[in-house]
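1. A predicted structure for the sequence below; I have some questions about it.
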Amino acid sequence: MSDIAIKFENISKQYRLGKIGTGTLSHDLKRWWTVSVRHQEDPYLKIGAVNDRSMKADSEYVWALRDINLEVKQGEVLGIIGKNGAGKSTLLKLLSRVTTPTEGRILAKGRIASLLEVGTGFHPEMTGRENIYMNGSIMGMTKAEITRKFDEIVDFAGVAKYIDTPVKRYSSGMTVRLGFAIAAHLEPEILVVDEVLAVGDAEFQKKAVGKMQDVSKTHGRTVLFVSHNMSAVGDLCENAIIMHNGVVNRMGNAREMISAYLQSTRDIPVSRTWHQIESAPGSADIKIRKIRSTNRDEDIIQYSFTTSDIGIEIEYEVLHDIPFFTHGINLYNSSGIHIFSSHDTNNYHKDRTIQRGIYLTKVWIPANLLQEGDYLLSFAAMRYNPFTVLFHEKDLLRLQVLDTMNQSARPEDYKLEFPGIIRPKLIWEELVSLSF
């Protein structure tokens, strides 16, 4: 293992659906008798369903990861891609020792710094300064070592004005910037980054990718990078793995894996219905029942033209009375680039209770906004003051947009694709001559 930084050996992780723990006295007794008294394998390890959220579970247990065997070389930047629920974040949590594997073992050389989700490793009542020193100490660094890196961390995060303010007062973007700066600058041998960089702005994302490249190429550190932004994965990573339903589906050159993954996303439909509420996406309180794309005649559409409006219709069920929340959509292009977000602000900041029941919401994407191409849509529910995401379900729906200029009516004198990420139809005023 001289040049191997991380080795996953037969790693599996199992969870029990529903309540935490075995949930029944008979299960507790059977597990205790088998494991503690007879010193045999846990009887529930061999029970479980594949972690496919689109299917109704036929078992009380689910394998979030199954038989992962993987080696990551020292200095390698490995991208981990896959749909929501594929097991990407679970794999990183095992490596970061947030949780332990049900089976197998992980061998890692050196200190591991992790940025798994907003606020990871931060104490909200402590200031940014105090959290920097606390995180450094946890990683085994001396106070002098942390002090030497302190100004560089604060400058990179851009939080100098708020460094002595409790972290609970930080925005999600500030928290992510500081968390990444700490993880990247405290000289870990292994840097683990989940897709939280999507919270940061474009300038910070560019800085973060540049820093990860510097950490790996200049200092020989190992980086594991999970992201839905295929452009960032392609720019940063040499190799990548595709995860699907808790297993490593494919591995190889990052560009080739991205191409294979994007091709697989074409299987996402333009209309979806979840008949079993238990397997429907959402949260414990809110479940998505239906989502579809329509035209102005309310017909479900397989594709739309650039000159047509696109309706996104979402039906969801509130399982019991809960405090008010709102919702929104996010649209990504085929490379995983976030095109735009939109929140429903019609009932913004209403202080009321949402009654149990089924609700329907609809939003329109105006004509002459999107370029030709495939798009993936996500749906999220959130609250404000403070801003809290209740759930964010990605890759729920695929939109296919066709350029009318690429159809038979296309002018003969225009043979190129319309440039740009979007193509808004702006208002131009009549040309006025300023000469006399």
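-> Looks like it arrived, so ask away. Just so it is clear, the structure is predicted and the values come from calculations on it, not from any experiment.
2. pick out the residue closest to the middle of the chain.
-> The chain has E195 as the residue nearest its centroid, 4.8 Å off, counting by CA atoms, centre = their mean.
3. quick one, what contacts it?
-> Residues in contact with E195 (CB atoms under 8 Å, 6 or more residues apart in numbering) are 226-229. Where you see a C-beta, it was placed from the backbone N, CA and C, and this is true even at glycine.
4. quick one: it and T294, what's the gap?
-> Separation of E195 from T294 (CB to CB, to the nearest Å): 30 Å.
5. number of nearby residues for the nearest residue to Y170 once chain neighbours are set aside?
-> In space, and not counting its chain neighbours, Y170 is closest to Y162: 6.6 Å by CB to CB, 6 or more residues apart in numbering. For Y162, the neighbour count with other CB atoms under 10 Å is 19.
6. same deal with D403?
-> D403: 17 neighbours (other CB under 10 Å).
7. strands of the stretch 1-150 of the chain, start to end?
-> 4-16, 49-50, 61-73, 77-81, 103-108, 112-115 (DSSP state E, counting those that start in this stretch).
8. residues touching the last one, excluding its own?
-> Contacting residues not belonging to strand 112-115 are listed as 92, 95-98, 120-121, 139, 176, 179-180, 182-184, 186, 188-194, 196 [CB under 8 Å, 6+ apart].
9. who are the contact partners of the residue nearest to Y170?
-> Here Y162 is in contact with 128, 169-170, 174 (CB under 8 Å, 6+ apart).
10. so H244 bridges to which residues?
-> Beta-bridge pairing of H244 under DSSP bridges involves V247.
11. please list all residues in contact with it.
-> Residues near H244 by CB under 8 Å, 6+ apart: 82-83, 86.
12. again, but for R272
-> Applying CB under 8 Å, 6+ apart to R272 gives the contacts 290-292, 396-397.
13. direction included, what does whichever strand or helix holds it pair up with?
-> Secondary structure from DSSP states H and E places R272 in strand 271-273. Strand 271-273 has the following sheet partners, assigned by DSSP bridges: strand 286-294 (antiparallel).
14. contacts for the partner strand next, please.
-> Taking CB under 8 Å, 6+ apart as the rule, strand 286-294 contacts 270-274, 277, 280-282, 300-301, 304, 310-319, 322, 325, 358, 377, 379, 381, 390-391, 393, 396-397, 399.
15. go on, stretch 382-390?
-> Under the contact criterion CB under 8 Å, 6+ apart, stretch 382-390 has outside partners 172, 283, 285-286, 323-328, 343, 348-349, 380-381.
16. only whichever of those residues are buried, select them in PyMOL.
-> For the buried members of the contacts of stretch 382-390, the matching PyMOL selection, counting by 16 or more other CB atoms under 10 Å, is:
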select buried, resi 172+283+285+286+325+326+327+328+380+381
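17. from the contacts of stretch 382-390, which ones fall inside strands?
-> Applying DSSP state E to the contacts of stretch 382-390, the entries found in strands are 286, 323, 326-328, 343, 380-381.
18. where does the stretch 201-350 of the chain have low pLDDT?
-> The model of the stretch 201-350 of the chain has pLDDT under 70 over residues 201-202, 265-267, 347-350.
19. list the buried ones in the strand ranked longest in the chain?
-> Ranked by residue count and defined by DSSP E, the top strand of the chain is strand 388-402. Buried positions in strand 388-402, judged by neighbour count with 16+ other CB under 10 Å: 390-399, 401.
20. still on that earlier bit, let's have the ones in strands among the contacts of stretch 382-390 in CSV, adding distance to F156.
-> Listed next are the ones in strands among the contacts of stretch 382-390 as CSV, based on distance: CB to CB, whole Å:
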residue, distance to F156
I286, 37
P323, 37
T326, 33
H327, 34
G328, 30
H343, 30
A380, 29
A381, 33
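21. and of those residues, the nearest to Y261?
-> Proximity of the ones in strands among the contacts of stretch 382-390 to Y261 (CB to CB) peaks at A380, which lies at 22.1 Å.
22. mind checking pLDDT for the residue nearest to that closest one when sequence neighbours are not counted?
-> Distances taken as CB to CB, 6+ apart place H392 nearest to A380, at 4.1 Å, with adjacent residues excluded. With respect to pLDDT, H392 scores 92.
23. and the one 3 residues further on, by the same measure?
-> Predicted confidence (pLDDT) at D395: the value is 87.
24. 680 is where my numbering starts, stick with that
-> Noted, 680 is the first residue going forward, which turns the last one into D1074.
25. that one contacts G761, correct?
-> No: here D1074 lies out of contact with G761, judged by CB atoms under 8 Å, at a distance of 9.9 Å.
26. quick check: neighbours shared by these two?
-> By CB under 8 Å, 6+ apart, D1074 and G761 have no common neighbours.
27. could you check how far Y812 is from D843?
-> Distance from Y812 to D843, by CB to CB: 12 Å.
28. what of V905?
-> 32 Å.
29. what of N1009?
-> For N1009 relative to D843 (CB to CB), the value is 34 Å.
30. for D830, same thing?
-> Taken as CB to CB, the span from D830 to D843 is 14 Å.
31. also H907?
-> If you measure H907 against D843 using CB to CB, the figure is 35 Å.
32. which of those two has more residues huddled nearby?
-> H907 (21 against 10).
33. list the contacts of the residue nearest to the more buried one when sequence neighbours are not counted.
-> With sequence-adjacent residues excluded and distances taken as CB to CB, 6+ apart, H907 is closest to G1015, at 4.9 Å. By CB under 8 Å, 6+ apart, the residues touching G1015 are 906-912.
34. which parts of the stretch 830-979 of the chain are strands?
-> With DSSP E, counting those that start in this stretch as the criterion, the stretch 830-979 of the chain has strands at 869-872, 901-905, 918-923, 926-932, 950-952, 965-973.
35. could you tell me how far the fifth one lies from the centre of the chain?
-> So that's strand 950-952. Relative to the chain's own centre, strand 950-952 is displaced by 22 Å; criterion: CA atoms, centre = their mean, to the nearest Å.
36. one more: the first one?
-> Shown here is strand 869-872, whose average C-alpha point lies 16 Å from the average C-alpha point of the whole chain (CA atoms, centre = their mean).
37. what sits up against it?
-> For strand 869-872, the external contacting residues (CB under 8 Å, 6+ apart) are 684-685, 771, 774-775, 787-795, 859, 862-863, 887, 891, 894, 900-905.
38. only whichever of the residues you listed are buried, select them in ChimeraX.
-> Only the buried entries of the contacts of strand 869-872 go into this ChimeraX selection, using 16+ other CB under 10 Å:
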select :684,685,771,774,775,787,788,790,791,792,793,794,795,859,862,863,887,891,894,900,901,902,903,904,905
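39. out of the ones in strands among the contacts of stretch 1061-1069, which is nearest to M936?
-> Proximity of the ones in strands among the contacts of stretch 1061-1069 to M936 (CB to CB) peaks at A1059, which lies at 26.9 Å.
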